[in-house]
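**Q** the sequence and its predicted three-dimensional model are supplied below.
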Protein chains: 2
Amino acid sequence: MTQHATRERRTRSDGERTRAAILDAAVKLSTVDGLEGLTIGNLAKSLRMSKGGLYAHFGSKEELQLATVDAAAAIFTTEVVSPSLSAQPGVRQLLAFCDSYFDHLERRTFPGGCFFAGATLEMGTHHGPVQERVARFHTGFIQLIHQYIRTAVDNHELAETEDPRALALELNGVLLAVDTNFVMYDDQTVLELGRRVVRRRLGVTEGDS
Amino acid sequence: MTQHATRERRTRSDGERTRAAILDAAVKLSTVDGLEGLTIGNLAKSLRMSKGGLYAHFGSKEELQLATVDAAAAIFTTEVVSPSLSAQPGVRQLLAFCDSYFDHLERRTFPGGCFFAGATLEMGTHHGPVQERVARFHTGFIQLIHQYIRTAVDNHELAETEDPRALALELNGVLLAVDTNFVMYDDQTVLELGRRVVRRRLGVTEGDS
(Lines give C-alpha, C1' and ligand atoms only; values in the text may rest on other atoms or scores of the structure.)
Protein backbone atom coordinates (compact mmCIF):
# COMPACT_ATOMS: atom_id res chain seq x y z
CA MET A 1 0.00 0.00 0.00
CA THR A 2 1.34 3.43 -0.87
CA GLN A 3 1.78 6.15 1.75
CA HIS A 4 -0.82 8.14 -0.17
CA ALA A 5 -3.46 5.38 0.16
CA THR A 6 -2.74 5.02 3.90
CA ARG A 7 -3.16 8.74 4.39
CA GLU A 8 -6.41 8.72 2.41
CA ARG A 9 -7.81 5.87 4.47
CA ARG A 10 -6.83 7.54 7.74
CA THR A 11 -8.38 10.80 6.62
CA ARG A 12 -11.63 9.13 5.67
CA SER A 13 -11.71 7.20 8.91
CA ASP A 14 -11.00 10.36 10.94
CA GLY A 15 -13.85 12.06 9.11
CA GLU A 16 -16.19 9.18 9.90
CA ARG A 17 -15.19 9.23 13.55
CA THR A 18 -15.81 12.97 13.75
CA ARG A 19 -19.18 12.55 12.04
CA ALA A 20 -20.14 9.78 14.48
CA ALA A 21 -19.10 11.93 17.46
CA ILE A 22 -21.15 14.85 16.13
CA LEU A 23 -24.23 12.66 15.67
CA ASP A 24 -23.83 11.11 19.12
CA ALA A 25 -23.88 14.62 20.63
CA ALA A 26 -26.75 15.62 18.33
CA VAL A 27 -28.99 12.72 19.43
CA LYS A 28 -28.30 13.48 23.11
CA LEU A 29 -28.86 17.23 22.70
CA SER A 30 -32.10 16.72 20.80
CA THR A 31 -33.59 14.63 23.65
CA VAL A 32 -33.16 17.77 25.78
CA ASP A 33 -33.78 20.64 23.34
CA GLY A 34 -35.81 18.87 20.65
CA LEU A 35 -35.01 18.25 16.99
CA GLU A 36 -36.06 21.81 16.18
CA GLY A 37 -33.89 23.13 18.98
CA LEU A 38 -30.94 21.39 17.36
CA THR A 39 -28.97 24.00 15.45
CA ILE A 40 -25.51 23.86 13.96
CA GLY A 41 -24.72 26.79 16.29
CA ASN A 42 -25.60 25.12 19.60
CA LEU A 43 -24.18 21.78 18.49
CA ALA A 44 -20.86 23.48 17.59
CA LYS A 45 -20.87 25.08 21.03
CA SER A 46 -21.50 21.80 22.87
CA LEU A 47 -18.75 20.04 20.85
CA ARG A 48 -16.39 23.02 21.02
CA MET A 49 -16.05 22.86 17.24
CA SER A 50 -16.34 25.69 14.72
CA LYS A 51 -19.62 26.11 12.87
CA GLY A 52 -17.58 25.86 9.65
CA GLY A 53 -16.29 22.43 10.73
CA LEU A 54 -19.83 21.24 11.28
CA TYR A 55 -21.04 22.64 7.97
CA ALA A 56 -18.36 20.48 6.30
CA HIS A 57 -20.27 17.44 7.60
CA PHE A 58 -23.85 18.67 7.37
CA GLY A 59 -24.78 21.24 4.76
CA SER A 60 -28.02 22.32 6.41
CA LYS A 61 -30.06 22.03 9.58
CA GLU A 62 -32.41 19.60 7.83
CA GLU A 63 -29.54 17.36 6.75
CA LEU A 64 -28.28 17.37 10.36
CA GLN A 65 -31.77 16.53 11.67
CA LEU A 66 -32.21 13.64 9.21
CA ALA A 67 -28.81 12.19 10.11
CA THR A 68 -29.68 12.60 13.81
CA VAL A 69 -32.93 10.63 13.38
CA ASP A 70 -30.99 7.88 11.57
CA ALA A 71 -28.37 7.78 14.34
CA ALA A 72 -31.09 7.59 17.02
CA ALA A 73 -32.81 4.80 15.10
CA ALA A 74 -29.55 2.85 14.91
CA ILE A 75 -29.09 3.13 18.69
CA PHE A 76 -32.75 2.18 19.31
CA THR A 77 -32.33 -0.82 17.00
CA THR A 78 -29.22 -2.00 18.85
CA GLU A 79 -30.58 -1.44 22.37
CA VAL A 80 -34.29 -2.25 22.03
CA VAL A 81 -35.14 -3.97 18.73
CA SER A 82 -32.23 -6.43 18.44
CA PRO A 83 -32.69 -8.08 21.86
CA SER A 84 -36.35 -8.67 20.95
CA LEU A 85 -35.50 -10.15 17.54
CA SER A 86 -33.26 -12.74 19.14
CA ALA A 87 -35.80 -13.75 21.83
CA GLN A 88 -38.07 -16.80 21.52
CA PRO A 89 -40.82 -15.97 18.96
CA GLY A 90 -44.11 -14.68 20.41
CA VAL A 91 -44.74 -13.33 23.89
CA ARG A 92 -41.03 -13.52 24.81
CA GLN A 93 -40.30 -11.10 21.97
CA LEU A 94 -42.89 -8.63 23.24
CA LEU A 95 -41.48 -8.94 26.73
CA ALA A 96 -37.89 -8.52 25.49
CA PHE A 97 -38.88 -5.40 23.53
CA CYS A 98 -40.51 -3.76 26.56
CA ASP A 99 -37.82 -4.86 29.03
CA SER A 100 -35.06 -3.62 26.71
CA TYR A 101 -36.89 -0.30 26.41
CA PHE A 102 -36.98 0.06 30.21
CA ASP A 103 -33.28 -0.91 30.38
CA HIS A 104 -32.55 1.70 27.69
CA LEU A 105 -34.18 4.34 29.93
CA GLU A 106 -32.58 3.01 33.10
CA ARG A 107 -29.04 3.19 31.74
CA ARG A 108 -29.78 6.76 30.65
CA THR A 109 -28.51 6.32 27.12
CA PHE A 110 -29.86 9.83 26.45
CA PRO A 111 -30.32 12.59 29.03
CA GLY A 112 -33.91 13.33 27.94
CA GLY A 113 -35.23 9.76 27.88
CA CYS A 114 -36.53 8.07 24.73
CA PHE A 115 -35.59 9.93 21.55
CA PHE A 116 -38.61 8.72 19.59
CA ALA A 117 -41.19 9.48 22.29
CA GLY A 118 -40.06 13.10 22.20
CA ALA A 119 -39.52 13.28 18.43
CA THR A 120 -42.95 11.86 17.48
CA LEU A 121 -44.76 14.43 19.62
CA GLU A 122 -42.46 17.30 18.65
CA MET A 123 -42.48 16.65 14.91
CA GLY A 124 -46.10 15.45 14.61
CA THR A 125 -47.33 18.67 13.03
CA HIS A 126 -44.07 19.67 11.28
CA HIS A 127 -44.78 18.15 7.88
CA GLY A 128 -41.68 17.52 5.81
CA PRO A 129 -38.78 15.12 5.36
CA VAL A 130 -37.78 15.04 9.06
CA GLN A 131 -41.33 14.27 10.25
CA GLU A 132 -41.59 11.59 7.54
CA ARG A 133 -38.33 9.99 8.65
CA VAL A 134 -39.45 9.94 12.31
CA ALA A 135 -42.85 8.53 11.31
CA ARG A 136 -41.23 5.84 9.16
CA PHE A 137 -39.15 4.50 12.05
CA HIS A 138 -42.06 4.77 14.49
CA THR A 139 -44.30 2.84 12.08
CA GLY A 140 -41.59 0.20 11.72
CA PHE A 141 -41.42 -0.40 15.50
CA ILE A 142 -45.21 -0.60 15.77
CA GLN A 143 -45.45 -3.07 12.86
CA LEU A 144 -42.82 -5.22 14.54
CA ILE A 145 -44.94 -5.25 17.72
CA HIS A 146 -48.00 -6.25 15.64
CA GLN A 147 -46.01 -9.11 14.14
CA TYR A 148 -44.87 -10.33 17.58
CA ILE A 149 -48.49 -10.24 18.78
CA ARG A 150 -49.73 -12.25 15.78
CA THR A 151 -47.03 -14.85 16.42
CA ALA A 152 -48.01 -15.03 20.10
CA VAL A 153 -51.67 -15.56 19.10
CA ASP A 154 -50.65 -18.24 16.56
CA ASN A 155 -48.63 -19.90 19.34
CA HIS A 156 -51.70 -19.81 21.66
CA GLU A 157 -49.74 -17.67 24.14
CA LEU A 158 -52.35 -14.92 23.74
CA ALA A 159 -56.12 -15.34 23.25
CA GLU A 160 -57.42 -15.61 19.69
CA THR A 161 -59.70 -12.67 20.42
CA GLU A 162 -56.69 -10.41 21.05
CA ASP A 163 -56.75 -7.42 18.66
CA PRO A 164 -53.09 -6.77 17.69
CA ARG A 165 -53.77 -3.07 17.06
CA ALA A 166 -55.36 -2.62 20.50
CA LEU A 167 -52.65 -4.51 22.38
CA ALA A 168 -49.90 -2.67 20.46
CA LEU A 169 -51.52 0.64 21.48
CA GLU A 170 -51.61 -0.49 25.12
CA LEU A 171 -47.95 -1.57 25.15
CA ASN A 172 -46.89 1.56 23.26
CA GLY A 173 -48.79 3.51 25.90
CA VAL A 174 -47.08 1.85 28.86
CA LEU A 175 -43.67 2.62 27.33
CA LEU A 176 -44.64 6.26 26.72
CA ALA A 177 -46.09 6.72 30.22
CA VAL A 178 -43.01 5.17 31.85
CA ASP A 179 -40.71 7.40 29.75
CA THR A 180 -42.71 10.54 30.61
CA ASN A 181 -42.83 9.83 34.34
CA PHE A 182 -39.19 8.71 34.48
CA VAL A 183 -37.98 11.89 32.78
CA MET A 184 -40.39 14.27 34.52
CA TYR A 185 -39.91 13.07 38.10
CA ASP A 186 -36.58 11.23 37.77
CA ASP A 187 -38.49 8.33 39.33
CA GLN A 188 -36.68 4.95 39.18
CA THR A 189 -39.64 3.05 40.68
CA VAL A 190 -41.77 3.68 37.59
CA LEU A 191 -39.45 1.36 35.61
CA GLU A 192 -40.27 -1.53 37.92
CA LEU A 193 -43.97 -0.62 37.79
CA GLY A 194 -43.79 -0.69 33.97
CA ARG A 195 -42.14 -4.13 34.01
CA ARG A 196 -44.94 -5.44 36.26
CA VAL A 197 -47.75 -3.93 34.17
CA VAL A 198 -46.33 -5.45 30.96
CA ARG A 199 -45.97 -8.90 32.58
CA ARG A 200 -49.51 -8.90 33.89
CA ARG A 201 -50.93 -7.72 30.55
CA LEU A 202 -49.04 -10.46 28.66
CA GLY A 203 -49.89 -13.15 31.22
CA VAL A 204 -46.23 -13.77 32.09
CA THR A 205 -46.10 -14.72 35.75
CA GLU A 206 -42.44 -15.60 36.37
CA GLY A 207 -39.63 -13.09 36.70
CA ASP A 208 -37.26 -12.48 33.81
CA SER A 209 -37.26 -14.62 30.70
CA MET B 1 -70.56 56.16 37.67
CA THR B 2 -68.23 58.89 36.39
CA GLN B 3 -66.95 58.90 32.82
CA HIS B 4 -63.50 58.39 34.25
CA ALA B 5 -64.49 55.16 36.04
CA THR B 6 -66.19 53.82 32.88
CA ARG B 7 -63.07 54.48 30.85
CA GLU B 8 -60.91 52.82 33.46
CA ARG B 9 -63.10 49.74 33.53
CA ARG B 10 -63.15 49.52 29.74
CA THR B 11 -59.39 49.86 29.61
CA ARG B 12 -58.84 47.12 32.14
CA SER B 13 -61.31 44.86 30.40
CA ASP B 14 -59.69 45.52 26.98
CA GLY B 15 -56.35 44.64 28.53
CA GLU B 16 -57.74 41.41 29.92
CA ARG B 17 -59.25 40.48 26.59
CA THR B 18 -55.95 41.14 24.82
CA ARG B 19 -54.09 39.09 27.42
CA ALA B 20 -56.57 36.21 26.97
CA ALA B 21 -56.19 36.38 23.16
CA ILE B 22 -52.40 36.33 23.49
CA LEU B 23 -52.50 33.30 25.79
CA ASP B 24 -54.92 31.46 23.55
CA ALA B 25 -52.50 31.92 20.65
CA ALA B 26 -49.56 31.01 22.90
CA VAL B 27 -51.09 27.69 24.00
CA LYS B 28 -51.87 26.76 20.39
CA LEU B 29 -48.43 27.78 19.11
CA SER B 30 -46.65 25.88 21.85
CA THR B 31 -48.40 22.61 20.90
CA VAL B 32 -46.68 23.01 17.52
CA ASP B 33 -43.34 24.65 18.35
CA GLY B 34 -42.98 23.68 22.02
CA LEU B 35 -42.83 25.85 25.13
CA GLU B 36 -39.18 26.60 24.41
CA GLY B 37 -40.02 27.48 20.81
CA LEU B 38 -42.46 30.06 22.17
CA THR B 39 -40.82 33.46 21.96
CA ILE B 40 -42.25 36.93 22.26
CA GLY B 41 -40.95 37.47 18.73
CA ASN B 42 -42.81 34.64 17.00
CA LEU B 43 -45.92 35.16 19.12
CA ALA B 44 -45.98 38.85 18.12
CA LYS B 45 -45.66 37.78 14.48
CA SER B 46 -48.53 35.27 14.69
CA LEU B 47 -50.76 37.85 16.43
CA ARG B 48 -49.60 40.73 14.21
CA MET B 49 -48.81 42.71 17.34
CA SER B 50 -45.67 44.64 18.15
CA LYS B 51 -43.12 43.02 20.44
CA GLY B 52 -43.45 46.09 22.62
CA GLY B 53 -47.19 45.47 22.99
CA LEU B 54 -46.50 41.91 24.10
CA TYR B 55 -43.81 42.99 26.56
CA ALA B 56 -46.44 45.21 28.18
CA HIS B 57 -48.33 41.99 29.08
CA PHE B 58 -45.42 39.62 29.74
CA GLY B 59 -42.14 40.99 30.93
CA SER B 60 -40.08 37.94 30.00
CA LYS B 61 -40.18 34.66 28.09
CA GLU B 62 -40.46 32.76 31.37
CA GLU B 63 -43.43 34.85 32.50
CA LEU B 64 -45.09 34.17 29.15
CA GLN B 65 -44.37 30.42 29.46
CA LEU B 66 -45.79 30.24 33.00
CA ALA B 67 -48.96 32.07 31.95
CA THR B 68 -49.23 29.74 28.94
CA VAL B 69 -49.05 26.64 31.17
CA ASP B 70 -51.75 28.14 33.41
CA ALA B 71 -53.96 28.91 30.40
CA ALA B 72 -53.50 25.38 29.03
CA ALA B 73 -54.34 23.94 32.47
CA ALA B 74 -57.54 26.01 32.60
CA ILE B 75 -58.62 24.67 29.19
CA PHE B 76 -57.70 21.09 30.19
CA THR B 77 -59.69 21.50 33.40
CA THR B 78 -62.75 22.74 31.53
CA GLU B 79 -62.62 20.16 28.73
CA VAL B 80 -61.28 17.04 30.46
CA VAL B 81 -61.30 17.32 34.26
CA SER B 82 -64.70 18.98 34.83
CA PRO B 83 -66.78 16.41 32.91
CA SER B 84 -65.12 13.67 34.98
CA LEU B 85 -65.79 15.47 38.29
CA SER B 86 -69.51 15.65 37.52
CA ALA B 87 -69.78 11.98 36.50
CA GLN B 88 -71.01 9.23 38.84
CA PRO B 89 -68.20 8.49 41.38
CA GLY B 90 -65.91 5.58 40.48
CA VAL B 91 -65.47 3.88 37.13
CA ARG B 92 -67.78 6.39 35.41
CA GLN B 93 -65.39 9.15 36.41
CA LEU B 94 -62.43 7.29 34.93
CA LEU B 95 -64.40 6.68 31.75
CA ALA B 96 -65.52 10.33 31.57
CA PHE B 97 -61.93 11.53 32.02
CA CYS B 98 -60.63 9.32 29.18
CA ASP B 99 -63.59 9.97 26.86
CA SER B 100 -63.35 13.72 27.42
CA TYR B 101 -59.64 13.51 26.62
CA PHE B 102 -60.38 11.76 23.31
CA ASP B 103 -63.09 14.35 22.57
CA HIS B 104 -60.58 17.12 23.37
CA LEU B 105 -58.25 15.64 20.73
CA GLU B 106 -61.06 14.98 18.24
CA ARG B 107 -62.33 18.56 18.27
CA ARG B 108 -58.74 19.70 17.70
CA THR B 109 -58.75 22.24 20.49
CA PHE B 110 -55.01 22.66 19.78
CA PRO B 111 -53.27 22.01 16.46
CA GLY B 112 -50.53 19.87 18.03
CA GLY B 113 -52.72 17.59 20.16
CA CYS B 114 -52.52 17.46 23.95
CA PHE B 115 -50.59 20.37 25.45
CA PHE B 116 -49.46 18.44 28.54
CA ALA B 117 -48.31 15.33 26.65
CA GLY B 118 -45.93 17.53 24.70
CA ALA B 119 -44.99 19.81 27.58
CA THR B 120 -44.10 17.01 30.03
CA LEU B 121 -41.72 15.40 27.53
CA GLU B 122 -40.27 18.71 26.34
CA MET B 123 -39.74 20.24 29.78
CA GLY B 124 -38.77 17.04 31.61
CA THR B 125 -35.08 17.91 31.75
CA HIS B 126 -35.44 21.71 31.82
CA HIS B 127 -35.34 22.21 35.56
CA GLY B 128 -36.82 25.49 36.73
CA PRO B 129 -40.14 27.24 37.39
CA VAL B 130 -41.75 26.26 34.05
CA GLN B 131 -40.92 22.57 34.45
CA GLU B 132 -42.19 22.71 38.05
CA ARG B 133 -45.47 24.29 36.94
CA VAL B 134 -45.98 21.63 34.24
CA ALA B 135 -45.10 18.85 36.72
CA ARG B 136 -47.49 20.26 39.33
CA PHE B 137 -50.47 20.13 36.95
CA HIS B 138 -49.46 16.70 35.62
CA THR B 139 -49.20 15.36 39.19
CA GLY B 140 -52.62 16.82 39.95
CA PHE B 141 -54.26 14.97 37.04
CA ILE B 142 -52.58 11.69 38.00
CA GLN B 143 -53.63 12.05 41.65
CA LEU B 144 -57.20 12.64 40.54
CA ILE B 145 -57.06 9.40 38.51
CA HIS B 146 -55.70 7.57 41.60
CA GLN B 147 -58.62 8.91 43.63
CA TYR B 148 -61.17 7.78 41.01
CA ILE B 149 -59.60 4.30 41.00
CA ARG B 150 -59.74 4.03 44.81
CA THR B 151 -63.41 5.06 44.74
CA ALA B 152 -64.12 2.43 42.04
CA VAL B 153 -62.39 -0.23 44.18
CA ASP B 154 -64.38 0.87 47.27
CA ASN B 155 -67.56 0.62 45.16
CA HIS B 156 -66.55 -2.93 44.07
CA GLU B 157 -66.53 -1.78 40.43
CA LEU B 158 -62.85 -2.76 40.21
CA ALA B 159 -61.14 -5.74 41.88
CA GLU B 160 -59.68 -5.21 45.34
CA THR B 161 -56.32 -6.39 43.99
CA GLU B 162 -56.21 -3.48 41.53
CA ASP B 163 -53.08 -1.38 42.13
CA PRO B 164 -54.14 2.27 41.59
CA ARG B 165 -50.62 3.28 40.57
CA ALA B 166 -50.42 0.53 37.94
CA LEU B 167 -53.87 1.20 36.49
CA ALA B 168 -53.23 4.95 36.42
CA LEU B 169 -50.01 4.30 34.49
CA GLU B 170 -51.91 2.12 32.00
CA LEU B 171 -54.67 4.70 31.45
CA ASN B 172 -52.13 7.53 31.24
CA GLY B 173 -50.32 5.40 28.64
CA VAL B 174 -53.40 4.82 26.48
CA LEU B 175 -54.06 8.58 26.42
CA LEU B 176 -50.44 9.33 25.48
CA ALA B 177 -50.34 6.65 22.76
CA VAL B 178 -53.62 7.84 21.25
CA ASP B 179 -52.40 11.46 21.29
CA THR B 180 -49.06 10.52 19.66
CA ASN B 181 -50.66 8.41 16.93
CA PHE B 182 -53.46 10.90 16.29
CA VAL B 183 -51.02 13.79 15.87
CA MET B 184 -48.35 11.82 13.97
CA TYR B 185 -50.59 10.10 11.43
CA ASP B 186 -53.70 12.34 11.61
CA ASP B 187 -55.51 9.04 12.24
CA GLN B 188 -59.12 9.43 13.44
CA THR B 189 -59.58 5.67 13.94
CA VAL B 190 -57.11 5.63 16.83
CA LEU B 191 -59.60 7.66 18.91
CA GLU B 192 -62.21 4.89 18.58
CA LEU B 193 -59.54 2.28 19.33
CA GLY B 194 -58.59 4.21 22.49
CA ARG B 195 -62.23 4.35 23.62
CA ARG B 196 -62.53 0.57 23.16
CA VAL B 197 -59.27 -0.20 24.98
CA VAL B 198 -60.31 1.94 27.97
CA ARG B 199 -63.76 0.29 28.16
CA ARG B 200 -62.32 -3.21 28.07
CA ARG B 201 -59.69 -2.37 30.69
CA LEU B 202 -62.33 -0.89 33.04
CA GLY B 203 -64.81 -3.71 32.44
CA VAL B 204 -67.41 -1.37 30.95
CA THR B 205 -69.31 -3.30 28.29
CA GLU B 206 -72.08 -0.96 27.14
CA GLY B 207 -71.56 2.04 24.88
CA ASP B 208 -71.39 5.53 26.34
CA SER B 209 -72.19 6.28 29.93
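**A** The structure has been received and is ready for your questions.

**Q** only C-alpha atoms from now on, for both contacts and neighbour counts.
**A** Noted.

**Q** pLDDT value on residue A:2, please?
**A** Looking at residue A:2, its pLDDT is 53.

**Q** brain fart, residue A:48
**A** For residue A:48, pLDDT reads 91.

**Q** neighbours of it, just the number please.
**A** If you count neighbours by other C-alpha atoms under 10 Å in any protein chain shown, residue A:48 ends up with 9.

**Q** look up how far residue A:39 lies from it.
**A** Distance, residue A:48 to residue A:39, using C-alpha to C-alpha, to the nearest Å: 14 Å.

**Q** do the same with residue A:116
**A** 19 Å.

**Q** and the residue of chain A closest to chain B?
**A** Across chain A, the shortest distance to chain B (C-alpha to the nearest C-alpha) belongs to residue A:173, at 3.7 Å.

**Q** burial measure for the closest residue to that residue other than its chain neighbours, as a count.
**A** Take residue A:173 and drop its neighbours on the chain: the residue closest to it by C-alpha to C-alpha, 6 or more residues apart in numbering or on different chains is residue B:173, 3.7 Å away. Each residue near residue B:173 was counted by other C-alpha under 10 Å, and the total is 24.

**Q** tell me the secondary structure at residue B:173.
**A** helix (DSSP: H, G, I helix; E, B strand; the rest coil).

**Q** who's in contact with residue A:188?
**A** A:106, A:182 (C-alpha atoms under 8 Å, 6 or more residues apart in numbering or on different chains).

**Q** show me where chain A has its helices.
**A** A:3-33, A:40-47, A:51-57, A:61-76, A:82-85, A:91-106, A:115-123, A:129-154, A:164-185, A:189-202 (DSSP state H).

**Q** near chain B, which residues of chain A?
**A** A:32-34, A:37, A:111-112, A:117-118, A:120-126, A:135, A:166, A:169-170, A:172-178, A:180, A:183-185, A:193-194, A:197 (C-alpha under 8 Å from any C-alpha of the partner chain).

**Q** can I get the buried part of those as one ChimeraX selection?
**A** Filtering those down to the buried ones (16 or more other C-alpha atoms under 10 Å in any protein chain shown) takes a single ChimeraX command:
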select /A:32,33,34,37,111,112,117,118,120,121,122,123,124,125,126,135,166,169,170,172,173,174,175,176,177,178,180,183,184,193,194,197
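
**Q** just to revisit the earlier point, using a markdown table, lay out the helices of chain A together with distance to residue B:18.
**A** Formatted as a markdown table, the helices of chain A follow (distance: least, C-alpha to C-alpha, whole Å):
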| stretch | distance to residue B:18 |
| --- | --- |
| helix A:3-33 | 30 |
| helix A:40-47 | 35 |
| helix A:51-57 | 41 |
| helix A:61-76 | 36 |
| helix A:82-85 | 54 |
| helix A:91-106 | 43 |
| helix A:115-123 | 28 |
| helix A:129-154 | 34 |
| helix A:164-185 | 33 |
| helix A:189-202 | 42 |
